[in-house]
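> give me coordinates for this.
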Amino acid sequence: MSNSLAIATVTATLAKLITDGVKDLPGANVTTKPLDKAHADYNSNQVNIFLYQTVLNAAWRNMDMPRQIQPGETGRPPLALNLHYLITVYGAGDEDGPSHQLLGKAMSALHDHPVLGATDLQNVLPSSGLESQIERVRITPLPLSVDDISKLWTAFQTQYRVSTAYEVEVVLIDSTRPSSTPLPVLTRGQNDAGITAQPNLIPPFPAILDVQPQKLQPAARLNEPVTILGNHLDGDSVAVRFTTAWPLTPPLTPPAVPAIGTADQVVVTVPNDPANFPAGSYTVAVKITRAGQPDRFTNEWPLQIAPTISNIAPVSPPAGDVTITVTCSPEVRPEQRASLLFGDQEILAQPHPAQTNTLSFVVTAAAKGKYWVRLRVDGVDSLLIDRQSVPPLFDPSQQITIT
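Sure, this is the predicted structure:
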């Protein structure tokens, strides 16, 4: 996610695009000044970029970030902004001819870049993180009425010069407040009663009806079997294709893993490949091969691959500011979002510029007591609950005692 430098990154990127667009005009200068200070040098050809308004984006205003908040948790929506810019041109000696050339070049440059690419944003200000936000940053012309233009220039008590307005949306600035992540509920009332639904129409083609990780868990881990239920899943050979639902760099090639089973059930083992099979959201589809027929694929079904905590250090730190080191599998990639759910707090991992299986978390002012911990990678939590026990129990290896 992007931080508070996102607005400055957008302004600098626009200035870079326009600078590249007008570089063939002699003496062209690009500035980012308020309207009353913009044209200080009357002997230069100048394009001025002025951010005159920021507007909250209605679509993202109260929306939690996808894959970061689970049901029942209280998230912190990002600060979602639409930025309104005024592009003003000045000709040397207040000549309109050069200013019109500048205006055409500047508008053409923005027209050719309707979406600010990740490379453009990162090259200008790499520390903002804007290039990795989930939503694209788009540039759109913004028509202004004569009344709007008059009010804008009157407010700065300066004479109007030929200008055009643009809207840049959306800039998502991540909240600095941690999310509230209460522990999962172990039972749902008396006898743990709930509602189940089951389809009663059997399709004539191979289809997945459900995907079940082992031991009643909501997610699978590396080297664990997964049971796929459906119809017409038998063939001369059967394989399961795993596809990531989250873009990774380099992209993960969807592997087809051999499986065994019957027409109603297929069992596949998640590959034990920590370096190339990251935790996160996946979809699975069954590939069925029959002699004399083309290969058939079923529908895709979601599956979460959970991280596994193999070691926590220290397990009994003193109260106060505590640095916790977690060793996990699979390895976490630099572009993946990792956090430690410490009791009911979410603690973001310290920067990890390289792929690693060791993450560090800083807990501020930790009070004495016992805390259950979970590792969350791209919205998928490590498995804390033993759901086969009656009643369910927490995993004792995922607990830290602050002394």
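> contacting residues for residue 232?
203-207, 263, 288 (CB atoms under 8 Å, 6 or more residues apart in numbering). To be clear about C-beta, it is placed using only N, CA and C from the backbone, and glycine gets the same treatment.
> before we move on, what about residue 323?
Residue 323 makes contact with 360-363 under the criterion CB under 8 Å, 6+ apart.
> for residue 337, see how far away it is.
19 Å (CB to CB, to the nearest Å).
> with residue 165 instead?
With distances taken as CB to CB, residue 165 is found 35 Å from residue 337.
> go on, residue 111?
34 Å.
> more crowded one of the two?
A direct count of neighbours by other CB atoms under 10 Å for residue 111 and residue 337 places residue 337 higher, at 18 against 11.
> show me what the spatially closest residue to residue 44 that is not a sequence neighbour bridges to in the sheet.
Once flanking residues are discounted, residue 44 sits nearest to residue 29: 5.1 Å by CB to CB, 6 or more residues apart in numbering. Using DSSP bridges, the beta-bridge partners of residue 29 come out as residue 46.
> thought residue 29 was touching residue 43?
No. With contacts counted by CB atoms under 8 Å, residue 29 stays clear of residue 43, the gap being 10.6 Å.
> more neighbours: which of those two?
Legend: neighbour count by other CB under 10 Å for residue 29 and residue 43, higher for residue 29 (16 against 7).
> ok, now which ones touch the more buried one?
For residue 29, the contact set (CB under 8 Å, 6+ apart) comprises 41, 44-47.
> tell me the domain boundaries of this structure?
Structural domains assigned to the chain are 6-173, 197-305, 308-402, following automatic domain parsing.
> those domains: which one's closest to residue 191?
domain 308-402 (11.1 Å; CB to CB).
> pLDDT score assigned to the residue nearest to residue 44?
Residue 29 carries a pLDDT value of 90.
> do residue 125 as well
On the pLDDT scale, residue 125 gets 86.
> wait, it sits on residue 5?
Yes. Under the criterion of CB under 8 Å, residue 125 makes contact with residue 5 at 5.9 Å.
> so which residue is smack in the middle of this structure?
Geometric centre of the chain, nearest residue: residue 134, 4.4 Å, by CA atoms, centre = their mean.
> contact partners for that one?
65-66, 172.
> want to throw those residues into a markdown table with pLDDT and neighbour count?
Shown next, in a markdown table, are these (pLDDT from 0 to 100; neighbours: other CB atoms under 10 Å):
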| residue | pLDDT | neighbour count |
| --- | --- | --- |
| 65 | 76 | 21 |
| 66 | 74 | 11 |
| 172 | 91 | 22 |
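> whichever strand or helix holds residue 167 - contacts with which helices or strands?
Under DSSP states H and E, the secondary-structure element containing residue 167 is strand 163-173. Helices and strands touching strand 163-173, by 3 or more CB pairs under 8 Å, 6 or more residues apart in numbering; DSSP states H and E, are helix 6-21, strand 79-90, helix 96-111, strand 137-141.
> ok, which of those comes nearest residue 331?
Residue 331 sits nearest to helix 6-21 of all these, at 28.8 Å, using CB to CB.
> what's that closest one in contact with?
Counting by CB under 8 Å, 6+ apart, 2, 30, 32, 47, 49, 51, 54, 81, 83, 85, 87, 105-106, 108-110, 113, 116, 120-121, 123-125, 128-130, 133, 137, 139, 168, 171-173 sit against helix 6-21.
> which helices and strands sit right next to the worst-scoring helix or strand of the chain on mean pLDDT?
Using mean pLDDT, DSSP states H and E, the weakest-scoring helix or strand in the chain turns out to be strand 256-261, at a mean of 82. Where contact means 3+ CB pairs under 8 Å, 6+ apart, strand 256-261 is packed against strand 237-244, strand 265-269.
> I'd like the ones you listed as JSON lines, with mean pLDDT and distance to residue 224 appended.
Below are those laid out as JSON lines (pLDDT from 0 to 100; distance: least, CB to CB, whole Å):
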{"stretch": "strand 237-244", "mean pLDDT": "91", "distance to residue 224": "13"}
{"stretch": "strand 265-269", "mean pLDDT": "94", "distance to residue 224": "7"}
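> so for residue 331, which of those strands sits nearest?
Across the helices and strands packed on strand 256-261, closest to residue 331 is strand 237-244 (CB to CB), at 14.5 Å.
> relative to residue 370, how far out is residue 275?
Residue 275 is 34 Å from residue 370, by CB to CB.
> can you pull the buried residues of the one helix or strand residue 122 maps to?
Assigned by DSSP H and E, residue 122 belongs to helix 118-124. Neighbour counts using 16 or more other CB atoms under 10 Å place 120-122, 124 of helix 118-124 among the buried residues.
> and the residues you listed as TSV, adding distance to residue 36?
Compiled in TSV, the buried residues of helix 118-124 are given as follows (distance: CB to CB, whole Å):
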residue	distance to residue 36
120	30
121	30
122	33
124	26
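> closest one to residue 271 out of those residues, please.
residue 122 (32.0 Å).
> whichever of the contacts of helix 6-21 end up buried, select them in PyMOL.
Here is the PyMOL selection string for the buried members of those, based on 16+ other CB under 10 Å:
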select buried, resi 2+30+32+47+49+51+81+83+85+87+105+106+109+110+113+116+120+121+124+125+128+129+130+133+137+139+168+171+172+173
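> my guess is residue 403 contacts residue 316, does it?
Yes. With contact defined as CB under 8 Å, residue 403 reaches residue 316; the gap is 5.4 Å.
> how far away from the center of its chain is stretch 220-235?
Centroid separation between stretch 220-235 and its chain, computed with CA atoms, centre = their mean, to the nearest Å, is 29 Å.
> which parts of that stretch are buried?
Quick answer for stretch 220-235 (16+ other CB under 10 Å): 220-222, 224, 226, 228, 230-233, 235.
> looking at those residues, which are in helices?
Judged by DSSP state H, those include no members of helices.
> which of these fall in strands?
Members of the buried residues of stretch 220-235 lying in strands (criterion: DSSP state E): 226, 228, 230-231.
> any chance of the residues you listed in a markdown table, plus pLDDT?
Output for these, formatted as a markdown table (pLDDT from 0 to 100):
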| residue | pLDDT |
| --- | --- |
| 226 | 96 |
| 228 | 96 |
| 230 | 93 |
| 231 | 90 |
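> since that was my last question, I'll sign off now.
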